[in-house]
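**Student:** Next one to model:
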Amino acid sequence: MVRSEFVHSSPHCRGLKRTCWRQEAEKSMKVFLRSTQTGWYYEGPSMWTPQQEAAQDLAQTARAVELIFEAHLENVEILLCYDNPRYDLVLPVPQSPFREDPVRRRQTPGDSLLGENGSLAILGKK
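**Tutor:** Numbering: from 1, shown residues only. Predicted structure coming up:
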């Protein structure tokens, strides 16, 4: 990208300069998922590769997040890769809040609890 193309001297073009640069950056951005345990890249369902070039470019961070939830992926991070590697970003992905915790599990309707008077109460039933 030649930056001189986007430099405008008049004040009314400043917004255009920012928009043009952002559009150019979005075109060159690639979005990958990488395993934090192995360093391998997501290639497809149940497929991982050590080669970034062979990995699936998800094109948008929103698509990467959707895929993480849909495929129930754990221990991954999102990589935003640009033409110039010094601008690359690694976005950590926290553990899923929906993962089953063996010590404390979420309550669902029908689980039993102690009622107000100390007797056993059933949620969802009167």
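
**Student:** which stretches of the chain have low pLDDT?
**Tutor:** 1-27, 96-126 (pLDDT under 70).

**Student:** Please report the distance of residue 56 from residue 89.
**Tutor:** Distance, residue 56 to residue 89, by C-beta to C-beta, to the nearest Å: 18 Å. For the C-beta atoms, the positions are set from N, CA and C on the backbone; glycine is no exception.

**Student:** ok, those two, which is more surrounded?
**Tutor:** The residue with more neighbours, out of residue 56 and residue 89, is residue 56; 19 against 11, by other C-beta atoms under 10 Å.

**Student:** contacting residues for the more buried one?
**Tutor:** Contacts for residue 56 were tallied using C-beta atoms under 8 Å, 6 or more residues apart in numbering; they are 32-33, 41-44.

**Student:** Quickly name whichever of the residues you listed is closest to residue 50.
**Tutor:** Nearest to residue 50, judged by C-beta to C-beta, of these is residue 41 at 7.5 Å.
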